[in-house]
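1. Next comes the sequence, and after it the predicted model I'd like to discuss.
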Amino acid sequence: MRQVLEAGLPALGLDTAAIPALERFAEMLLQRNRVMNLTAITEPRDVAALHLLDSLALISLAGLEDGSAVDVGTGAGFPGLPLAIVRPRLQVTLLDSLGKRVGFLREVCETLGVTNAECVQGRAEEFAAERREVYDWAVSRAVAALPVLCELCLPLVRVGGYFLAMKSSHTEAEIEQAGGAVRILGGRIAWIRDYTIPTTEVVHRVVCVEKVAGTPKKYPRRFAQMKKTPL
């Protein structure tokens with residue numbers, strides 16, 4: 001794992017000082033994964049590349065130096081927790097609906113002394129009622145289709161902020177289908193960039209949506225409605 005991080009972090013333009021904390025996070029993840037369903041990736045080298053370096057690619061693509069970010073559907077903490085570890089001036093909210101996952105993330109943050117990450121149990125469509133349009137960034141590596149992700153994430157982003165959706169490559173049709181949702185929710189697609197995860201040949205994609213206008217109050221809808229009739 002260390003060799004992967006030692007090679008991968010400089011390739012992303014990042015310092016290697018965070019390696020011990022990233023390693024410890026990965027160790028805790030794999031240990032807890034024996035009793036909880038946190039990740040299907042269990043080889044340490046693969047965790048380092050496909051989880052940690054993949055998450056940190058957002059920094060090389062978008063900066064994320066400081067400000068506030070919310071990771072919607074963070075799951076086992078990706079991409080938000082690696083971002084918080086490497087960017088201590090970035091205030092990160094790790095949002096997930098499952099209490100056990102959030103409890104694990106709180107334990108990791110306490111163990112590593114990560115004070116710039118807030119771990120919140122909740123559903124994004126409900127969380128928007130209390131944190132509407134307050135974040136500089138929303139990020140998500142969730143598996144939902146882009147129109148649904150936009151409805152979950154854009155209401156949380158302030159005008160002038162950005163939503164970064166981490167997707168697989170070859171998602172042109174999905175991006176095209178999301179055009180209407182992006183406009184309705186007050187956004188515009190600013191850029192789309194493909195990247196190769198360092199130390200691998202895996203190519204992923206980030207879709208950056210800029211928030212250019214306020215999101216109408218009726219969004220987000222209930223999740224069942226989003227899935228049934230996506231924008």
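-> Yep, that arrived.
2. what about the top strand by length along the chain, distance to the chain center?
-> In the chain, taking DSSP state E as the definition, the longest strand is strand 157-168. The chain centre lies 10 Å from the centre of strand 157-168; the measure is C-alpha atoms, centre = their mean, to the nearest Å.
3. Ok, stretch 30-37 next?
-> 21 Å.
4. for it, how far is the first residue from the last?
-> The first and last residues of stretch 30-37 sit 10 Å apart, counting by C-alpha to C-alpha, to the nearest Å.
5. Can you pull out the residues in contact with that stretch?
-> Stretch 30-37 is contacted from outside by Leu38, Thr39, Thr42, Pro44, Val47, Lys100, Arg101, Phe104, using C-beta atoms under 8 Å, 6 or more residues apart in numbering. Heads up, the C-betas are built off the backbone N, CA and C, glycines and all.
6. Name the SS class of Asp194, please.
-> With DSSP: H, G, I helix; E, B strand; the rest coil as the basis, Asp194 sits in strand.
7. What distance do you get for the nearest residue in space to it that is not next to it in sequence to Thr171?
-> For Asp194, ignoring the flanking residues on the chain, the nearest one in space by C-beta to C-beta, 6 or more residues apart in numbering is Arg205 at 5.0 Å. For Arg205, the distance to Thr171 equals 6 Å [C-beta to C-beta, to the nearest Å].
8. try Ile184
-> Distance from Ile184 to Thr171, by C-beta to C-beta: 20 Å.
9. Report the beta-bridge partners for the residue nearest to Asp194.
-> Following DSSP bridges, Arg205 is listed with bridge partners Lys167, Asp194.
10. tally of neighbours for it?
-> 17 (other C-beta atoms under 10 Å).
11. follow-up on the earlier one: need the max-distance pair from the contacts of stretch 30-37.
-> Greatest spacing in those, by C-beta to C-beta: Pro44 and Lys100 (22.7 Å).
12. In contact with the residue nearest to Asp194, which residues are there?
-> For Arg205, the contact set (C-beta under 8 Å, 6+ apart) comprises Met166, Lys167, Ser168, Ser169, Thr171, Ile192, Arg193, Asp194, Tyr195.
13. Does the third one touch His204 like I think?
-> Yes. Look at Ser168 against His204 with C-beta atoms under 8 Å: they come within range, at 6.2 Å.
14. Compare these two (neighbour count), which wins?
-> Between Ser168 and His204, counted using other C-beta under 10 Å, His204 has the larger neighbour count: 19 against 11.
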